[in-house]
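K.L.:
3D, please:
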Amino acid sequence: MAASPPAFNGPIIVMGVSGCGKSLIGEKLAAHLGLLYVEGDSLHPPANIAKMSEGIPLDDGDRWPWLEIIGQRLAEADPQGIVISCSALKRIYRDRLRRAAGRPLAFVYLKGSRDILMQRITERPGHFFKTPLLDSQLATLESPEGEDLVVTVDIAPAPDAITAAALERLAALNGAEA
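P.N.:
Okay, the predicted model is just below:
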């Protein structure tokens, strides 16, 4: 069996709307790559968690401080990289994270239908994100497809298949970082 190509060497953001599997796939990617995984939701200021728990969508003013914290983690990351889950819904957010990283930053965009997303959100007990917020996130989402160093992975398959597809597509980015 031929050895698989090396993975992207650098920081990785696993992105998408709520329910797409950012946490699960982020953990799996980090474990496979031997990198630190940071759950982006854990970096939200308490006020953001409180708003989302009440079903109130976040706005740019709410997101900027959170993105600054994620940016700091990217800037301080090990030279081999880090995997962070972050919705990164707008291009302006992704561009801010790119600048903060200070080196090539890959995004794994987990893309799926509203039906799959809604099903996954409703099956998540105890999470602060409320289902009515999904439509707000979908309306805010600016697809990253076509941006540099972005790989898109369909979320319909099983988590191991999603992870394998992400790893394969990340490996294809080697040489594209220049």
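K.L.:
which stretches of this structure form strands?
P.N.:
12-15, 37-38, 83-85, 106-111, 150-154 (DSSP state E).
K.L.:
Throw the ones you listed into JSON lines and include mean pLDDT and mean neighbour count, thanks.
P.N.:
Quick note: C-beta positions are derived from backbone N, CA and C, even for glycine. Listed next are these as JSON lines, based on pLDDT from 0 to 100; neighbours: other C-beta atoms under 10 Å:
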{"stretch": "strand 12-15", "mean pLDDT": "98", "mean neighbour count": "28"}
{"stretch": "strand 37-38", "mean pLDDT": "97", "mean neighbour count": "19"}
{"stretch": "strand 83-85", "mean pLDDT": "97", "mean neighbour count": "28"}
{"stretch": "strand 106-111", "mean pLDDT": "98", "mean neighbour count": "24"}
{"stretch": "strand 150-154", "mean pLDDT": "98", "mean neighbour count": "20"}
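K.L.:
roughly how far does the closest residue to residue 159 other than its chain neighbours sit from residue 59?
P.N.:
Among residues not flanking residue 159 along the chain, residue 24 sits closest, at 5.6 Å (C-beta to C-beta, 6 or more residues apart in numbering). Using C-beta to C-beta, to the nearest Å, we find residue 24 at a distance of 27 Å from residue 59.
K.L.:
neighbour count for these two, which is higher?
P.N.:
More crowded of residue 24 and residue 59, by other C-beta atoms under 10 Å: residue 24, with 16 against 11.
K.L.:
thought that one was touching residue 160?
P.N.:
No - using C-beta atoms under 8 Å, residue 24 is not in contact with residue 160, being 10.3 Å away.
K.L.:
pull the distance from the longest helix anywhere in the chain to the chain's centre.
P.N.:
Ranked by residue count under DSSP state H, the longest helix found in the chain is helix 60-75. When C-alpha coordinates are averaged (C-alpha atoms, centre = their mean, to the nearest Å), helix 60-75 and its chain have centres 13 Å apart.
K.L.:
average pLDDT for that helix, rounded please.
P.N.:
For helix 60-75, mean pLDDT is 94.
K.L.:
what residues does that helix touch?
P.N.:
11, 13, 38, 40, 43-45, 47-48, 51, 82, 84, 86, 93, 96-97, 99-102, 105 (C-beta atoms under 8 Å, 6 or more residues apart in numbering).
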